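> Predicted model and sequence follow; I will ask about them next.
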Amino acid sequence: MSSPCHHSLYHVDCDLGHFPCADLGLVDGLARAALNAHRQGERLCVVNASPAQQELIAFAGLEGVLFGRDRREAEQREEPLRVEECGEADDLPV
């Protein structure tokens, strides 16, 4: 994956091409590095992640933070539920 982040003026690219494994230790380190970068006014951006690494980052819920994109694309967003039926005033919730 080689899409750069453009959400802040400064960003740091983290190339995962040299990390062959995908484990939660790597994801934890990336999350901590992203938090530290954010505190410094910068943005950490993951590049060259393997499919396994991408899946693990998405599983951890950090896709938006580390890849700079929303977890779900626009076409996958669910419409809010609309209730169309009305209950009677004397119907008490159980």
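On my side now, so go ahead.

> Okay, buried residues for the longest helix along the chain please.
Longest helix in the chain by number of residues (criterion: DSSP state H): helix 24-39. In terms of neighbour count (16 or more other CB atoms under 10 Å), helix 24-39 has its buried residues at 26-27, 30-31, 34, 37. For the C-beta atoms, the positions are set from N, CA and C on the backbone; glycine is no exception.

> Likewise for stretch 46-63?
46-47, 49, 53-54, 56-57, 62-63.

> Tell me where the protein has strands.
11-15, 43-47 (DSSP state E).

> about what we covered before: out of the buried residues of stretch 46-63, which are inside helices?
Using DSSP H, those in helices are 53-54, 56-57, 63.

> Save those as CSV, and put in distance to residue 22 too.
Listed next are these as CSV, based on distance: CB to CB, whole Å:
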residue, distance to residue 22
53, 4
54, 9
56, 5
57, 8
63, 14
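
> nearest to residue 16, of those residues?
Using CB to CB, the shortest approach to residue 16 within these belongs to residue 53, at 5.6 Å.

> Do you know the pLDDT at the residue nearest to the closest one when sequence neighbours are not counted?
Nearest non-adjacent residue to residue 53, counting by CB to CB, 6 or more residues apart in numbering: residue 22, 4.3 Å away. The model reports residue 22 with a pLDDT of 85.
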